[in-house]
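Trainee: missing the sequence, but the structure's below:
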């Protein structure tokens with residue numbers, strides 16, 4: 001498994017200009033599209049001659065965006081940048097027609113052109129970051145945050161250049177053409193400076209495992225439906241409201257609240273857990289809309305709360321789909337690019353026919369939040385736990401393993417075990433949804449049993465010293481064949497002595513690898529948990545100890561690797577090798593590496 005060795009968090013001084021240029025061009029492109037759409041929609045609301053009614057205009061734009069969703073590329077390459085430029089060129093050509101002829105064509109074509117440009121520009125993010133997924137996530141997150149500020153600015157600018165109602169609107173299309181021309185020029189310039197190779201098409205990105213349905217397709221389907229509901233509500237608001245949002249004070253307050261909503265997303269940002277925060281945004285937005293009826297005088301603060309919740313929902317749903325490395329299959333591409341607009345058209349029509357009130361809209365969002373909570377229950381609970389761990393532990397990650405860990409397909413994570421919180425701390429930083437192997441001592445507890453068996457799908461390990469059978473090994477092999485990420489503590493016990501770094505590894509890990517020798521291993525060393533509230537340092541865990549507060553924890557992930565076949569021929573060689581690679585991670589953070597023989601001597605003593 002040959003992958004580039006790169007740190008999971010990139011120092012600012014080592015970031016080259018290409019990713020920064022990608023972010024800058026993304027903002028320019030977003031402004032050009034938002035400015036053009038805001039101007040046209042505002043003009044339609046003001047009933048300027050030559051434009052369709054808002055309902056027809058928005059419907060045709062949505063149809064155009066949905067048609068663009070059928071055009072996608074499974075192979076991310078520099079040609080995507082060319083196609084994004086072509087989308088900008090088509091938008092420029094469309095907007096030039098009313099400028100020179102005084103005739104406004106069907107907006108389906110404008111929606112298609114803008115959708116085409118956005119799809120292929122988003123495809124090129126991994127190319128722009130030279131295949132560094134962690135950096136791509138950071139660029140995408142920063143883009144979402146800055147776009148939150150850019151959208152209201154685009155609306156304000158567009159609505160304030162509208163001419164008097166008795167004047168002709170089409171000469172001002174020159175401003176829209178200039179914006180699209182800038183977008184086209186900057187995209188073309190980026191094509192010249194971006195000389196990175198096309199990302200390698202990894203097998204796990206194209207193969208559909210059973211776990212892919214949960215980790216990829218469920219977030220994609222959830223995002224499509226939620227986006228459809230929100231876009232449908234926006235459609236209803238625009239065509240039913242007395243005026244388009246243009247008051248600078250109100251727009252500024254909504255911008256601040258939306259920015260806070262996206263900013264909160266950064267606190268609990270995790271590729272697979274962010275979908276678990278979306279229900280809170282739906283609950284907040286739904287409750288705010290219901291309160292409109294009870295407290296109409298407080299429309300401004302309630303609108304701010306609604307926008308805060310919706311902004312958080314949109315950010316969480318997008319991140320859960322991992323757009324920097326979207327599943328390379330046609331169904332996933334259609335769900336990401338086409339389905340949201342399909343649902344938007346359907347929900348928009350339905351809401352319009354039902355004459356949906358704010359009260360009913362609020363109830364709908366709360367129901368959607370309840371359903372999403374149940375569908376993504378594990379992510380929802382893990383987000384609550386993640387927030388609870390913010391104050392007790394100050395966590396940092398080190399080493400290339402997090403970046404090298406494949407997004408999909410089987411992988412085994414092995415780690416030292418010094419506290420009861422190790423699985424939660426590792427799960428907080430690992431970019432995969434982990435399946436832990438858990439002792440029956442805790443697994444069989446009443447509430448824990450339901451959570452582990454029904455929600456987490458953990459593998460139960462019988463707490464017995466000597467056994468003739470080990471059914472958990474078969475369960476682990478089945479989980480890996482489903483494409484799961486398996487977390488194993490090969491010591492099978494907690495650290496209890498200061499000078500005892502590791503117990504000898506058990507044979508279980510060898511039996512698993514012997515059956516699936518091509519499974520990649522990511523070794524992890526957790527530093528800082530020994531001495532914590534949940535460790536055996538100076539007494540039993542959780543007993544007569546003060547709670548941890550901002551305790552520094554370092555998660556060190558070594559290079560992802562496949563075990564050499566010659567080592568798998570004998571279980572002792574495999575176990576010793578795995579102990580060595582786990583201990584080797586200590587050197588990444590400047591600690592002394594102790595060899596496996598030294599640890600075995602300490603255990604004997």
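Mentor: Everything's here; your move. Bear in mind that the values here come from a model prediction, so they are computed numbers and not experimental data. Residues are numbered from 1 along each chain as shown.
Trainee: C-alpha from now on. contacts and neighbour counts both.
Mentor: Fine.
Trainee: how about residue 544, secondary structure?
Mentor: coil (DSSP: H, G, I helix; E, B strand; the rest coil).
Trainee: Also the one 5 residues further on?
Mentor: In three-state terms, and counting by three-state DSSP, residue 549 is coil.
Trainee: show me the residues around it that make contact.
Mentor: Contacts of residue 549 were listed using CA atoms under 8 Å, 6 or more residues apart in numbering, and they are 391-393.
Trainee: Top of the residues you listed by number of neighbours, please.
Mentor: residue 393 (19 neighbours; other CA atoms under 10 Å).
Trainee: For the stretch 401-550 of the chain, which residues score under the pLDDT cut-off?
Mentor: 465-468 (pLDDT under 70).
Trainee: so where do the helices sit in it?
Mentor: 401-404, 422-429, 440-443, 446-450, 471-481, 508-515 (DSSP state H, counting those that start in this stretch).
Trainee: Would you tell me which one of these is buried the most?
Mentor: helix 401-404 (a mean of 26; mean count of other CA atoms under 10 Å).
Trainee: Neighbours of the nearest residue to residue 592 once chain neighbours are set aside, how many?
Mentor: Ranked by CA to CA, 6 or more residues apart in numbering and with sequence neighbours excluded, the top spatial neighbour of residue 592 is residue 586, at 6.5 Å. Close neighbours of residue 586, defined as other CA under 10 Å, add up to 21.
Trainee: give the contact list for residue 586.
Mentor: By CA under 8 Å, 6+ apart, the contact list for residue 586 reads 525, 556, 592-593.
Trainee: Helix, strand, or coil at it?
Mentor: Classified using three-state DSSP, residue 586 is helix.
Trainee: What residues does residue 343 make contact with?
Mentor: So residue 343 contacts 224-225, 227-229 (CA under 8 Å, 6+ apart).
Trainee: how close does it get to residue 179?
Mentor: Distance, residue 343 to residue 179, by CA to CA, to the nearest Å: 29 Å.
Trainee: again with residue 363
Mentor: Counting by CA to CA, the gap from residue 363 to residue 179 is 40 Å.
Trainee: Output the contacts of residue 343 in CSV, with neighbour count and secondary structure appended to each entry.
Mentor: Output for those, formatted as CSV (neighbours: other CA atoms under 10 Å; DSSP: H, G, I helix; E, B strand; the rest coil):
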residue, neighbour count, secondary structure
224, 24, helix
225, 21, helix
227, 23, helix
228, 22, helix
229, 25, helix
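Trainee: from these, which is closest to residue 264?
Mentor: Of all the contacts of residue 343, residue 264 sits closest to residue 227, with 19.1 Å by CA to CA.
Trainee: Check which helix or strand the residue nearest to that closest one when sequence neighbours are not counted maps to.
Mentor: Once flanking residues are discounted, residue 227 sits nearest to residue 340: 5.6 Å by CA to CA, 6+ apart. Using DSSP states H and E, residue 340 sits within helix 339-354.
Trainee: chain center to that helix: distance?
Mentor: 25 Å (CA atoms, centre = their mean, to the nearest Å).
Trainee: Quick one: mean pLDDT over that helix.
Mentor: Helix 339-354 shows a mean pLDDT of 93 in the predicted model.
Trainee: Who are the packing partners of the helix or strand that comes right after it?
Mentor: Downstream of helix 339-354, the next assigned helix or strand under DSSP H and E is helix 358-375. In terms of contacts (3 or more CA pairs under 8 Å, 6 or more residues apart in numbering; DSSP states H and E), helix 358-375 is packed against helix 218-240, helix 278-294.
Trainee: Ramachandran angles for the nearest residue to residue 284 once chain neighbours are set aside?
Mentor: Leaving aside its chain neighbours, residue 284 sits nearest to residue 309 (5.6 Å; criterion: CA to CA, 6+ apart). In this entry, residue 309 is assigned phi and psi values of phi -70, psi -40 (degrees, to the nearest 10).
Trainee: looking at it, residue 67 is touching residue 338, isn't it?
Mentor: Yes: under the criterion of CA atoms under 8 Å, residue 67 makes contact with residue 338 at 7.2 Å.
Trainee: Domains in this protein, by residue range?
Mentor: According to automatic domain parsing, the chain comprises the domains 15-196, 208-376, 389-604.
Trainee: Redo those as CSV? Include distance to residue 382.
Mentor: Converted to CSV, the domains of the chain look like this (distance: least, CA to CA, whole Å):
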stretch, distance to residue 382
domain 15-196, 20
domain 208-376, 7
domain 389-604, 8
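Trainee: what separates residue 347 from residue 224, distance-wise?
Mentor: Relative to residue 224, and taking CA to CA, residue 347 is found at 12 Å.
Trainee: Hmm, I typed the wrong one, I wanted residue 70.
Mentor: 15 Å.
Trainee: ok, now residue 293?
Mentor: Where residue 224 is concerned, residue 293 sits at a distance of 29 Å (CA to CA).
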